[in-house]
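S.K.: 3D, please:
(chains A and B)
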2 protein chains.
Amino acid sequence: MAIRIGILGYGNLAKGVELSIRQNKDMELAAIFTRRDPATVKPLTSGVSVASTADIKDYQDKIDVLVICGGSATDLPQQTPEYAAMFNVIDSFDTHAKIPEHFANVDKAAMASGHTSLISAGWDPGMFSLNRLYGSCILPEGKDYTFWGKGVSQGHSDAIRRVPGVKNGKQYTIPVESALEAVRSGSEPELTTRQKHTRECFVVAEEGADLALIEKTIKEMPNYFADYDTTVHFISEEEFARDHSRINHGGFVFRTGKTGVNGENTHVIEYSLKLDSNPEFTGSVLTAYARAIYRLSQKSDFGCKTVFDVAPALLSPLSGEELRAHML
Amino acid sequence: MAIRIGILGYGNLAKGVELSIRQNKDMELAAIFTRRDPATVKPLTSGVSVASTADIKDYQDKIDVLVICGGSATDLPQQTPEYAAMFNVIDSFDTHAKIPEHFANVDKAAMASGHTSLISAGWDPGMFSLNRLYGSCILPEGKDYTFWGKGVSQGHSDAIRRVPGVKNGKQYTIPVESALEAVRSGSEPELTTRQKHTRECFVVAEEGADLALIEKTIKEMPNYFADYDTTVHFISEEEFARDHSRINHGGFVFRTGKTGVNGENTHVIEYSLKLDSNPEFTGSVLTAYARAIYRLSQKSDFGCKTVFDVAPALLSPLSGEELRAHML
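M.R.: Here you go, the predicted structure:
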């Protein structure tokens, strides 16, 4: 029998999960839940039922894992613990500083109700975290480096759009090539924020707006831009629609370290992602971990997990025998 | 109390494990076991006892995990099952085709005696296998590619040295840059053996040897060289000693795949290693997995495992709380 997946929410990430389920033959999309009027949601997959979150508890026997696709700022801190009491759940909570608190809340709800949940799946946190962990365990005497991009930062794009006179805007985070090369050499450089990334902004200004003032406001914005070398390009609405509609992203995780009698040997581990669609890739990671969560729940391994707690074999539809014969 | 590690064998890999234990504060090297006269073995670490494998069963209460550093051709198929009946053990068995059989033998011995063992740790099999597995689970509709090098192939170097008239020789496996770029583009090319790697040989010939014949013999050697573009350089013994004494290696694992309504989005996952010392890096992986094996045995999770079965958190000396707070 297929693993029955429910999706909560229907934004870009939810659609990424929906599309990913189609690629996994042992899974089926059982229902999409929305806070809106269900009649207004048109799934990409024909025949999928859309229900109101108000009725979600009626689905406890019909869903094996609920993938919660809300935002980290306000949705997930409330939703994940709430639904962890009713379902096996998974989310992509990405506010790094609040992970311990979120973990504790979800763990409590999941343990009390006998469910399995997993928080902070995706690529960072997620696959990047795994690479930081594996790297630090293999090369304890070393350093790790994470670079993001080239890709769209949603938070920084939002910040641009709040500047007076800006009609539309998008921000790309770009790793500095010379910094990547310095890390790749194994020289373990100390890098400042400014040395690691640049920020490139594409802005559609309102008619008659003061472009020089917009540029200055963006470049001097504390936290978001002041610590970076930032470039601002003013473009037309047509150019914006044509060239900047994708949600691509990616990045690099390095671990470099030394071994030997006197640390004479250097090793460089590099992991990188180049993603045409951030939400579709993140959705694909969530789907793979949903399989693992279902299996852990079948073994009564309840409570909250992270990617660190999941044995890799649990992500695969293949058996242990098949994995050892063909992938080891 | 520190995790007490025993090392069986004292070649390059064993020395790599020994050096790695120094970097892990929660571990100690309890003893080295050798089939030679123990008096002839001089460990890099002062104060470490060297014992004969003939006496190894007297150490069952003194060793938490035994790291078996024999060769895959004849040592490990015999040693790992034998010692899995007495100790928690780990090896780096790398004959891919014989992994299922080796796994079954080790699992039987470990299960019967209530021990935990892990086979085929290292980088390939090992970290590369993990990246093939993670990649295929996240992007089910895609392709994976493994490239090796630039690095020294022991098997091919041995093959060169068996050619009549060859005094010494070393072979480097080199990934073809244009093939790497084609894969990196996400175009999912079909690549022949010849298109993926070239082979470069450095040969010290015996005085008066027929160099043209040596070159021809190497280049036409079936299985080893015939399917590759091979270059042969004749050098002096001095050059050989000066430029070719390192045991560096490395390689790349890619997974590329498509997502979207019509597969319109391409994603590229790339993992690469650049290693100054193959045995020291492999030894470092074995040490990290020895920690995991010890922990699994403490939870009475017996039998044979591979890297696929080990939750990443078990590799780290840090607690779950610390990992979530600092590495997720």
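S.K.: So what touches the least confident helix or strand in chain A by mean pLDDT?
M.R.: The helix or strand of chain A with the poorest confidence is helix A:154-161; it has a mean of 92 (mean pLDDT, DSSP states H and E). The contact list for helix A:154-161 (Cβ atoms under 8 Å, 6 or more residues apart in numbering or on different chains) reads A:166, A:168-171, A:173, A:199, A:201, A:203, A:218, A:221, A:224-225. For every residue, glycine as well, the C-beta is placed using N, CA and C.
S.K.: among those, which are in helices?
M.R.: If you go by DSSP state H, these have A:Ile218 in helices.
S.K.: Now do the same for A:Arg255: helix, strand or coil?
M.R.: State at A:Arg255, reduced to three classes by DSSP: H, G, I helix; E, B strand; the rest coil: strand.
S.K.: That one contacts A:Leu133, doesn't it?
M.R.: No: counting by Cβ atoms under 8 Å, A:Leu133 is not a contact partner of A:Arg255; they are 9.7 Å apart.
S.K.: So is the helix or strand harbouring A:Phe103 next to chain B?
M.R.: Secondary structure from DSSP states H and E places A:Phe103 in helix A:99-113. Yes: under the criterion of Cβ under 8 Å from any Cβ of the partner chain, helix A:99-113 makes contact with chain B via A:Ile99, A:Pro100, A:Phe103.
S.K.: Just the buried ones from those residues, in ChimeraX syntax?
M.R.: Here is the ChimeraX command that selects the buried residues among the residues of helix A:99-113 next to chain B (16 or more other Cβ atoms under 10 Å in any protein chain shown):
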select /A:99,103
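S.K.: Save the residues of helix A:99-113 next to chain B as JSON lines, and put in pLDDT too.
M.R.: Below are the residues of helix A:99-113 next to chain B laid out as JSON lines (pLDDT from 0 to 100):
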{"residue": "A:Ile99", "pLDDT": "97"}
{"residue": "A:Pro100", "pLDDT": "97"}
{"residue": "A:Phe103", "pLDDT": "98"}
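S.K.: Including distance to B:Ile160, could the residues of helix A:99-113 next to chain B go into a markdown table?
M.R.: Listed next are the residues of helix A:99-113 next to chain B as a markdown table, based on distance: Cβ to Cβ, whole Å:
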| residue | distance to B:Ile160 |
| --- | --- |
| A:Ile99 | 53 |
| A:Pro100 | 56 |
| A:Phe103 | 55 |
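S.K.: and which of the residues of helix A:99-113 next to chain B is nearest B:Ser185?
M.R.: Comparing the residues of helix A:99-113 next to chain B against B:Ser185 with Cβ to Cβ places A:Ile99 closest, at 35.2 Å.
S.K.: How about the contacts made by the closest one?
M.R.: Contact partners of A:Ile99, counting by Cβ under 8 Å, 6+ apart, are A:Phe93, A:Ile119, A:Ser120, A:Pro125, B:Arg324, B:Ala325, B:Leu328.
S.K.: ok, of these, which come out buried?
M.R.: For the contacts of A:Ile99, a neighbour count by 16+ other Cβ under 10 Å gives the buried set as A:Phe93, A:Ile119, A:Ser120, A:Pro125, B:Arg324, B:Leu328.
S.K.: in chain A, which spans are helices?
M.R.: Assigned by DSSP H, chain A shows helices spanning A:12-22, A:75-84, A:99-113, A:127-138, A:154-161, A:177-184, A:193-196, A:211-219, A:237-243, A:278-298, A:320-326.
S.K.: Which two among the buried ones among the contacts of A:Ile99 are spaced furthest apart?
M.R.: Across those, the longest distance by Cβ to Cβ is 11.2 Å; it joins A:Phe93 and B:Arg324.
S.K.: coming back round to it: nearest to A:Thr230, out of the helices of chain A?
M.R.: A:Thr230 lies closest, by Cβ to Cβ, to one member of the helices of chain A: helix A:211-219, at 4.9 Å.
S.K.: Now do the buried residues in that closest one.
M.R.: For helix A:211-219, burial by neighbour count (16+ other Cβ under 10 Å) applies to A:Ile214, A:Glu215, A:Thr217, A:Ile218, A:Lys219.
S.K.: Next, the angle helix A:154-161 makes with that helix.
M.R.: 150 degrees (axes from the mean of the first three to the mean of the last three Cα atoms, to 10 degrees).
S.K.: which strands and helices sit next to helix A:211-219?
M.R.: With contacts taken as 3 or more Cβ pairs under 8 Å, 6 or more residues apart in numbering or on different chains; DSSP states H and E, helix A:211-219 sits against strand A:197-205, strand A:229-234.
S.K.: Need those strands in JSON lines (columns: distance to A:Gln154, mean neighbour count and mean pLDDT).
M.R.: Below are those laid out as JSON lines (distance: least, Cβ to Cβ, whole Å; neighbours: other Cβ atoms under 10 Å in any protein chain shown; pLDDT from 0 to 100):
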{"stretch": "strand A:197-205", "distance to A:Gln154": "13", "mean neighbour count": "21", "mean pLDDT": "97"}
{"stretch": "strand A:229-234", "distance to A:Gln154": "17", "mean neighbour count": "16", "mean pLDDT": "97"}
